[in-house]
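A.B. asks: Got a sequence here, can you model it:
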Amino acid sequence: MKRILCTILGVFLLSFSLDAQNVVKGIVLDGNSESPLQNVSVSVKRGSQSTITKADGSFELSGFSDGIYVLEITLKGFETQNFPLTFKGNPINLGTIYLFADLSIDQDLSIITITDDELNEDASAADNISGLLQATRDIYLRTAAFEFSGSFFRVRGLDSENGTVMINGIEMNKLFNGRPQWANWGGLNDVTRNQEFSNGLAPSNYTFGGILGSTNINTRASGQRPGTRISYASSNRSYVHRVMATYNSGILEDGWAFSISASRRDGVEGFNDGSFYNATSLFASIEKKINDKHSLNLTSIIAPNKRGKSSANTQEVYDLKGIKYNSYWGYQDGRKRNSRHKELVEPIIMLNHYWNVNETTSLNTNVAYQYGKLANSRLDFGGTDLDPSTGLPIGNGSNPDPTYYQKLPSFQALRFPNDPSRAATAAADFIEDGQINWNDMYSANIINANNGRNSTYVLYEDRVDDTQFTINSIVNSTINENITFNGSVSYRNLKSENFANMVDLLGGTGFLDVNPFQDNAEQAQNDILNPNRIIQEGDRFRYNYNIFSSVANAFAQAVFKYKKVDFYTSASYTYTSYQREGLYQNGRFADNSFGKGEKLNFSGIGFKAGATYKLTGRHLFDVNAAYITKAPTIRNTFTNSRENHDIVEGITEEKIMSFDASYILRSPILQGRLTGYFTQIQNANEISFFFADGIGDQGSEDGRFFVQEILQGVDKRHVGMELGLEAQVTPTIKLKGVASIGQHIYSNNPNIHLTSDEGPLLNEGTKSFLKNYKLSNGPQTAYSVGFEYRDPDYWWISSTFNFMSNAYIDVSPTQRSPNFYTDFDGLPFNDYDPAVARQLLQQEKIDDYMVVNLIGGKSWKINNTYISLFASITNLFNQQYRTGGYEQGRNANYRQLLADKSLDTPVFGNRYWYGRGTTYFLNLNLRF
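C.D. replies: Next up, the predicted model:
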């Protein structure tokens, strides 16, 4: 027995000794600079052993039994190295391992620029997915970002206000509408590509986040890849040319690091006629590593940009002029001049302090200051003079919009049904010209000036000049090997100046600051304190007020990670206040417009939790749930902030309940994710402004008013599934497939309020019957299939086929209120037919369509210089398709709408946006 025990013990000790000798070690260096690379991942494929390299680039990995293994060495931005290992009780020293820059990274960076121009669009469809571009490898999200963005697709049907975007831990979402203003750092792709993205309800190290997730853009100078990058791009989308240059020093011996970047984007005309583009972007980041525990980083960003807008049009207009047509421009002195431009200049300055308290805890404190202006221009044709006998404004000009309904063939056919030549002449004139006539406006104003009168036509801007201060602290602490704690406190303070600014008197000498549509001298005044003021260029006029807002937030989160299960729980509290200060005393709201109004306070709470069960390393199950209440945005709080202090009646915090569950597959060949989601939004508000005919009986001709339409207590439901699969069928060929199937609807009948300068137009408690109407949030069904070929010689090509379906026009809430079927006496129209009404109010579904995209690139290395060429063709076969649209709402009752839709071509038909036809993008990049 003793001999047997001794033999067993000897074998055990021998095997332990052999395993102890089964060790692999090495040193990892940068293949170009030969400097050590820290935090390189060293792991065994299909094994559990892993480690990271130390500051000197060294690593050591043990715990191997005898056998054959494959060691994988990876670092973002470098080529992955694989080494076969054979252990027979012997240590292995791999010596010096050189990692070289991954040329395919330049290819991926080029892909990012595909949608760079989309970030400047007014519609929120693009900006809600742009944060996903660089920050995730998830095939579904990348497809949504790259392939679906041109179709106004929205992830889970949600607006971008449901996702949080940060720069160095500072939240960038605007308090006005909750959306990030991506153009504030547009054109700086090189220095904003270091991003950390949390999808959906997944936990973030920086913030509680929204139900769409969160993105943190890291601009630390020490985190930028050392070297110089220069690139040139050409496109026919928004801008035509782009030049970009970036220099990153990396950490120098004295602890300093510098990063600078600049770009220029311009174009006389993009895809749409008259849509000019003019943008310059500058970036600088300086970091000082004080010691091993403390580091300071100063970042400054300024990205002034100005672009010409393009119009949404009726189908009648598109049929006459094509999908590139834009009604906002006209020729002046032989050049196209756009009357509607958007100009944004909002510099950002931030100081970040990084403190490694100890090996397990870090504290990041940030201070940011942002200021500047957002301007949207338009023409005003309501210039007047005072009637000396009545003191009332007299004058006004004709609407210069070439698509004004009275100028189109449909109106001529309605007005002269027995004279078809009128419509034919209008059509021929519109096809021949159909643009703004700047010369006519200048001539009219010059004649006025010569006769001592004011300008009839002017160009002005709706201006928002924001000044915002933000401070926060973010703590991350590893409690033990299984538990991590994250938390933050933050405070934001905003002063928002809102006013109309006179840009161009168009040859005139002044503009009378009154409301020309009033028949009472005092009510016509935009500011009683300064009556009948004559405005010059650069003056504020029409409206002038401030919005003050303060937001305080605290967030705490615990993340637990174990061998089979990971789970987390997170909570947040947010206090929000708004207050309006009127600087003008409006004549129509003399008692409710000047000075400070009521201070509004909201409290928001958030709870979320989730878990991931790892059946094996290849099969994972993930589930998340959240309950959130949040303040309404400034935009949806005040009913008509330009003129008075009024707020939405019964306003309260918005409530959100969200749940999702996923199956995740990670096999060597096939990777994918299948997710089901459910989101319920309650107590939301929506506010719109437009002219309407047929509103009740308020003494206005034909019930015609300029109305504020307020929807209060809106509920929405988002249900659907997401599927993303990619298969590496050969070392060079990858197949990709994505599906998104959703149902996004109004889930209740909210309250509707209609108001005008004359007061409320509907009875209190009136409902808009919107339940089960589809939300107009892009395609609710989308599919994509494609392939990618990457050659070992660093050239690649990829193509996708993208099918879009179930997109709907935005419906008019007023047409779905009792006003639609009620006559002036409060009773239903005597000719009202419910069956006909249902047909009139049926929501229009946009036609399905398919778009084919093609992209490819090639990379070279010449000595220490990397060159990459990238090209893409979007909508290869020039498919014409609608991406969205809306009902005009002009015909507010049954009789008006029936009469209009009975025409061969409706006068007030739906307005649409069309996707771009075939477009290209070409990018040449040098890095050294």
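A.B. asks: Backbone dihedrals for A835, please?
C.D. replies: When read as degrees, to the nearest 10, the backbone of A835 gives phi -70, psi -40.
A.B. asks: how about the helices in the stretch 801-928 of the chain?
C.D. replies: With DSSP state H, counting those that start in this stretch as the criterion, the stretch 801-928 of the chain has helices at 834-840, 894-901.
A.B. asks: Please identify the most buried of the ones you listed.
C.D. replies: Highest mean neighbour count of the helices of the stretch 801-928 of the chain: helix 894-901, a mean of 19 (counted as mean count of other C-beta atoms under 10 Å). For glycine as for every other residue, the C-beta is placed from the backbone atoms N, C-alpha and C.
A.B. asks: Show me the contact partners of that one.
C.D. replies: For helix 894-901, contacts defined as C-beta atoms under 8 Å, 6 or more residues apart in numbering pick out 693-694, 815, 820-821, 829, 831-832, 836-837, 840, 890-891, 906-909.
A.B. asks: Now with 6 Å, please.
C.D. replies: Here helix 894-901 makes contact (C-beta atoms under 6 Å, 6 or more residues apart in numbering) with 693-694, 820-821, 829, 832, 840, 891, 906-908.
A.B. asks: what does stretch 246-258 give?
C.D. replies: Taking C-beta under 6 Å, 6+ apart as the rule, stretch 246-258 contacts 190, 221-222, 224, 226, 228-229, 259-261, 286-289.
A.B. asks: again with stretch 667-679
C.D. replies: With C-beta under 6 Å, 6+ apart as the test, stretch 667-679 has contacts from 156, 618, 658-665, 718-728.
A.B. asks: if you look at the residues you listed, which of them are in strands?
C.D. replies: Using DSSP state E, the subset of the contacts of stretch 667-679 located in strands is 658-665, 718-728.
A.B. asks: Filter these down to the buried ones, ChimeraX style.
C.D. replies: The buried subset of the ones in strands among the contacts of stretch 667-679, as determined by 16 or more other C-beta atoms under 10 Å, is captured in ChimeraX by this line:
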select :658,659,660,662,664,718,719,720,722,723,724,725,726,727
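A.B. asks: what pairs with I605 across the strands?
C.D. replies: Y573 (DSSP bridges).
A.B. asks: and if you look at the one 4 residues further on?
C.D. replies: In this entry, A609 is beta-bridged to T569, A625, by DSSP bridges.
A.B. asks: ok, it - how many residues close by?
C.D. replies: Each residue near A609 was counted by other C-beta atoms under 10 Å, and the total is 18.
A.B. asks: Quick check: it vs V623, distance?
C.D. replies: Separation of A609 from V623 (C-beta to C-beta, to the nearest Å): 9 Å.
A.B. asks: Quick check: which ranges of the stretch 1-150 of the chain have low pLDDT?
C.D. replies: 1-21, 32-33, 46-48, 101-136 (pLDDT under 70).
A.B. asks: so where do the strands sit in it?
C.D. replies: Along the stretch 1-150 of the chain, the segments classed as strands by DSSP state E, counting those that start in this stretch run 24-30, 41-44, 50-52, 58-61, 67-74, 81-87, 92-99.
A.B. asks: Can you add distance to R542 and mean neighbour count and give those back as a markdown table?
C.D. replies: A markdown table is the format used below for the strands of the stretch 1-150 of the chain (distance: least, C-beta to C-beta, whole Å; neighbours: other C-beta atoms under 10 Å):
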| stretch | distance to R542 | mean neighbour count |
| --- | --- | --- |
| strand 24-30 | 60 | 20 |
| strand 41-44 | 60 | 18 |
| strand 50-52 | 61 | 12 |
| strand 58-61 | 67 | 17 |
| strand 67-74 | 59 | 16 |
| strand 81-87 | 65 | 14 |
| strand 92-99 | 61 | 15 |
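A.B. asks: Of all these, which one comes closest to Y354?
C.D. replies: Of all the strands of the stretch 1-150 of the chain, it is strand 50-52 that lies closest to Y354, at 19.7 Å by C-beta to C-beta.
A.B. asks: Just the CA trace of stretch 519-534, in PDB.
C.D. replies: Extracted in PDB, the C-alpha atoms of stretch 519-534 (Å, rounded to 0.1, in the frame of the first residue of the first chain):
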ATOM      1  CA  ASP A 519     -56.900  95.000 -36.500                       C
ATOM      2  CA  ASN A 520     -56.100  96.600 -33.100                       C
ATOM      3  CA  ALA A 521     -53.300  99.100 -32.900                       C
ATOM      4  CA  GLU A 522     -52.100  97.900 -29.500                       C
ATOM      5  CA  GLN A 523     -52.400  94.200 -30.200                       C
ATOM      6  CA  ALA A 524     -50.400  94.600 -33.400                       C
ATOM      7  CA  GLN A 525     -47.400  95.600 -31.300                       C
ATOM      8  CA  ASN A 526     -44.700  93.000 -30.800                       C
ATOM      9  CA  ASP A 527     -43.400  95.100 -28.000                       C
ATOM     10  CA  ILE A 528     -45.700  97.600 -26.300                       C
ATOM     11  CA  LEU A 529     -42.700  99.200 -24.600                       C
ATOM     12  CA  ASN A 530     -41.200 100.100 -27.900                       C
ATOM     13  CA  PRO A 531     -44.100 100.700 -30.300                       C
ATOM     14  CA  ASN A 532     -43.800 101.000 -34.100                       C
ATOM     15  CA  ARG A 533     -40.100 100.400 -34.000                       C
ATOM     16  CA  ILE A 534     -38.200 100.600 -37.300                       C
END
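A.B. asks: how about the residue nearest to F485 when sequence neighbours are not counted, phi and psi?
C.D. replies: Leaving out its chain neighbours, the residue that sits closest to F485 by C-beta to C-beta, 6 or more residues apart in numbering is S477, at 4.7 Å. Backbone geometry at S477, expressed as degrees, to the nearest 10, gives phi -140, psi 130.
A.B. asks: picking up where we left off before, now for the strands of the stretch 1-150 of the chain, which one comes closest to I873?
C.D. replies: strand 67-74 (32.5 Å).
A.B. asks: Could I get the helices of the stretch 801-928 of the chain in TSV, plus columns for distance to S50?
C.D. replies: Output for the helices of the stretch 801-928 of the chain, formatted as TSV (distance: least, C-beta to C-beta, whole Å):
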stretch	distance to S50
helix 834-840	63
helix 894-901	67
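A.B. asks: Next, format those as TSV and append mean pLDDT and distance to A807.
C.D. replies: Formatted as TSV, the helices of the stretch 801-928 of the chain follow (pLDDT from 0 to 100; distance: least, C-beta to C-beta, whole Å):
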stretch	mean pLDDT	distance to A807
helix 834-840	95	21
helix 894-901	93	21
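A.B. asks: what's the neighbour count on the residue nearest to Y808 when sequence neighbours are not counted?
C.D. replies: Once flanking residues are discounted, Y808 sits nearest to K774: 4.1 Å by C-beta to C-beta, 6+ apart. Counted with other C-beta under 10 Å, the neighbours of K774 add up to 19.
A.B. asks: Any idea what K774 is bridged to?
C.D. replies: The partner residues for K774, given DSSP bridges, come to I745.
A.B. asks: again, but for R540
C.D. replies: In this entry, R540 is beta-bridged to N501, by DSSP bridges.
A.B. asks: I'd like to know how many residues surround it.
C.D. replies: Neighbour number of R540 under other C-beta under 10 Å is 18.
A.B. asks: Ok, R242 next?
C.D. replies: For R242, the count of nearby residues is 25 (other C-beta under 10 Å).
A.B. asks: I'd guess it is in a helix, am I close?
C.D. replies: No. Remark: R242 does not belong to a helix; assigned using DSSP: H, G, I helix; E, B strand; the rest coil, it is strand.
A.B. asks: Let me know the pLDDT of it.
C.D. replies: Looking at R242, its pLDDT stands at 95.
A.B. asks: still on that earlier bit, with distance to P417 as extra columns, can I get the contacts of helix 894-901 in a markdown table?
C.D. replies: Converted to a markdown table, these look like this (distance: C-beta to C-beta, whole Å):
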| residue | distance to P417 |
| --- | --- |
| D693 | 20 |
| G694 | 21 |
| F820 | 26 |
| Y821 | 27 |
| F829 | 23 |
| Y832 | 25 |
| L840 | 21 |
| N891 | 19 |
| P906 | 15 |
| V907 | 13 |
| F908 | 17 |
